[in-house]
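[1] Pasting the sequence and the predicted model now:
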Amino acid sequence: MSETSDRTTIGVVGGGAWGTALAALAARNGHDVTLWAREPEVVAAINDDHENRLFLSGVQLPETVRATGSIGAVAADAALVLVVPPAQYLRPIGESLAPHLGPDTPLVLCCKGFEETTGALMSEVAGSVLPGRPIAILSGPTFAAEVARGLPTAVTIACADPELGTRLTERLGSRTFRPYASTDIVGTQVGGSVKNVLAIACGIAYGRDLGDNARAALITRGIAEISRLGAALGGRPETLSGLSGIGDLILTCTSEQSRNFSLGVALGRGRTLADILGERRSVAEGVTTARSVTARAATLGVEMPICAAVEAVLHQGADLAQTIETLLSRPFRSEDGA
């Protein structure tokens, strides 16, 4: 566990709630942390008051977390870098980070989604803009505020190199933050990405008072959609039934702490997407992922009716009531075929 491992420097790229929570975790594990944030007010608040009031208000950060507006400063002397921007910003941020990052510095990708313009997984994006660097994926059922406060949490750390995975677990793991190792980089990403789209669907059902039976059905049939896409991309079934698959899906689809679920609730109650997004600073990844995941699924011939329905409502102006009726009118089928 990290409490007894050697002190090192960890860089965190991204000053939102999740990046700040991971910075707090690493610092409490005994490491020096440099966090890059785009917003000058976040940098100032963390350095002066040890709090990210804009994205994680009420959580006091260790003094060993220092913020910077210089992305190059994050890479300097870092033993590893946690990369935590919104998924659609990974490419430009990776391009900015590349000149400052050593060729062997491990990158832990902590963002969830498929790139909108290419349909690429985050590991594929990082591989193109930061070639040659060792890559790991951190994913699982996590709310940033709970991690930042030290509440018990379990996650998946996926890395093709088991020895590097072990080192990352030792650096980041603690009594209350428990990483489980995997070598399935693809499956770990699929579960963490698609669950955001399914959470919007569950939120819509909740907002329209369709009942707990409907939400249970959406979660279960959503698992089938995740499994089909994961298999098509080369992910392993056991990964998709683990923390980064079913675990993350259950958490995100059952709590209004979830940005995606709460967005769906608002949609179900009749609010427009533009109005909902206009009130928020934080990103609901499922909005963009709905488009990119359905596009990639289509190229693979993978059927994802729930995700396609969410995409149609969000991006094609589909009538919500009619979309629900269309889902309910689908032909009966055998569950054996998933």
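    It's in. Just so it is clear, the model here is predicted, and its values are computed rather than measured. Residues are numbered from 1 along each chain as shown.

[2] my read: A78 touches T34, true?
    Yes. Under the contact definition of Cβ atoms under 8 Å, A78 touches T34, with a separation of 7.0 Å. All C-beta spots, glycine's among them, are computed from the backbone N, C-alpha and C.

[3] Now do the shared contacts for those two.
    T9, I10, G11 (Cβ atoms under 8 Å, 6 or more residues apart in numbering).

[4] so what strands line up beside the helix or strand hosting the last one?
    With elements delineated by DSSP states H and E, G11 resides in strand 9-13, which encompasses its position. Here strand 9-13 has these sheet partners by DSSP bridges: strand 32-36 (parallel), strand 80-83 (parallel).

[5] just the CA coordinates of the helix or strand following the longest one, formatted as PDB?
    Proceeding N to C from strand 32-36, the next assigned helix or strand is helix 40-49, under DSSP H and E. What follows is helix 40-49 as a C-alpha-only set of coordinates in PDB (Å, rounded to 0.1, in the frame of the first residue of the first chain):
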ATOM      1  CA  PRO A  40      -6.500  30.600 -13.000                       C
ATOM      2  CA  GLU A  41      -9.000  30.800 -10.100                       C
ATOM      3  CA  VAL A  42      -8.600  27.100  -9.400                       C
ATOM      4  CA  VAL A  43      -4.800  27.400  -9.400                       C
ATOM      5  CA  ALA A  44      -5.000  30.300  -7.000                       C
ATOM      6  CA  ALA A  45      -7.500  28.700  -4.600                       C
ATOM      7  CA  ILE A  46      -5.600  25.500  -4.300                       C
ATOM      8  CA  ASN A  47      -2.300  27.200  -3.700                       C
ATOM      9  CA  ASP A  48      -3.600  29.900  -1.300                       C
ATOM     10  CA  ASP A  49      -6.500  28.100   0.500                       C
END
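
[6] now helix 40-49, how far from the centre of its chain.
    24 Å (Cα atoms, centre = their mean, to the nearest Å).

[7] again with stretch 20-33
    19 Å.

[8] Equivalent analysis for stretch 70-82, please.
    In terms of Cα atoms, centre = their mean, the centre of stretch 70-82 is found 21 Å from the chain centre.

[9] Give me the residues contacting it.
    Contacts for stretch 70-82 (Cβ under 8 Å, 6+ apart): 8-14, 19, 22-23, 26, 34-36, 68, 93, 96-97, 99-102, 105-108, 110, 138, 168, 171.

[10] Could you list the low-confidence segments of the protein?
    1-5, 337-338 (pLDDT under 70).

[11] can you give me the strands for it?
    9-13, 32-36, 65-68, 80-83, 107-109, 135-139, 153-159, 177-182 (DSSP state E).

[12] contact partners of the fifth one?
    Right, strand 107-109. By Cβ under 8 Å, 6+ apart, strand 107-109 touches 80-83, 90, 101, 122-123, 126, 130, 133-138, 157, 168, 172.

[13] same thing but 7 Å
    Residues outside strand 107-109 that contact it (Cβ atoms under 7 Å, 6 or more residues apart in numbering) are 80-83, 122-123, 126, 130, 133-138, 168.
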